[in-house]
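*Asks:* Here's a sequence, model it:
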Amino acid sequence: MSPYQKLNKFISMVEGNSKSTCVYGCPIGTLNSELGKESRELQKYAKELFEIFIIWIAQQFETFLDKKTSRSKAEYLMVMAEGAALMAHAYKKPSVLKNSANEIRKWLATEFNIK
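*Replies:* Model (predicted):
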């Protein structure tokens, strides 16, 4: 499976959880938000859950970009996914997450120069 296909699977995973995300929010995002309010020392461990995804995503971009740029692209992809999850939860609309997933796919295709 190509790096592009792997990242598309990641987006599909986020999109596939749209119904539960609308009800409960993103589990990783919610955990980080709540721990950040009262337990900063524990939040650093919860942040590692984001870091696992960012490292993996960056590795996909490293197939054609340098490490610094790959990290930046990975963080941006996570920002888009997490922002979409937050908005879907706030509006209680799976369509928000599904529409965002389609936009993320368009961005990803451009990054990988896929037409």
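*Asks:* Leaving out chain neighbours, which residue sits closest to Gly29?
*Replies:* Nearest non-adjacent residue to Gly29, counting by C-beta to C-beta, 6 or more residues apart in numbering: Glu82, 5.3 Å away. No exception for glycine: its C-beta is placed from N, CA and C like everyone else's.
*Asks:* Please name the residues that touch the residue positioned nearest the centre of the chain.
*Replies:* Closest residue to the average C-alpha location of the chain: Met78 at 3.2 Å, with C-alpha atoms, centre = their mean. Residues counted as contacts of Met78 (C-beta atoms under 8 Å, 6 or more residues apart in numbering) are Phe50, Phe53, Ile54, Ile57.
*Asks:* Ramachandran angles for it?
*Replies:* According to degrees, to the nearest 10, the main-chain angles of Met78 amount to phi -70, psi -40.
*Asks:* thinking again about what came up before, touching, the residue nearest to Gly29 and Gly25? I think so.
*Replies:* No. Counting by C-beta atoms under 8 Å, Glu82 stays clear of Gly25, with 10.1 Å between them.
*Asks:* And the nearest residue to Val14 once chain neighbours are set aside, what's its pLDDT?
*Replies:* Sequence neighbours aside, Ala81 is the residue nearest to Val14 in space, at 4.9 Å (criterion: C-beta to C-beta, 6+ apart). For Ala81, the pLDDT comes out at 97.
*Asks:* coming back round to it: tell me the first helix or strand C-terminal of the helix or strand the residue nearest to Gly29 falls within.
*Replies:* Secondary structure here is read from DSSP states H and E; on that basis Glu82 sits in helix 67-91. Taking DSSP H and E as the definition, the helix or strand that follows helix 67-91 towards the C-terminus is helix 94-111.
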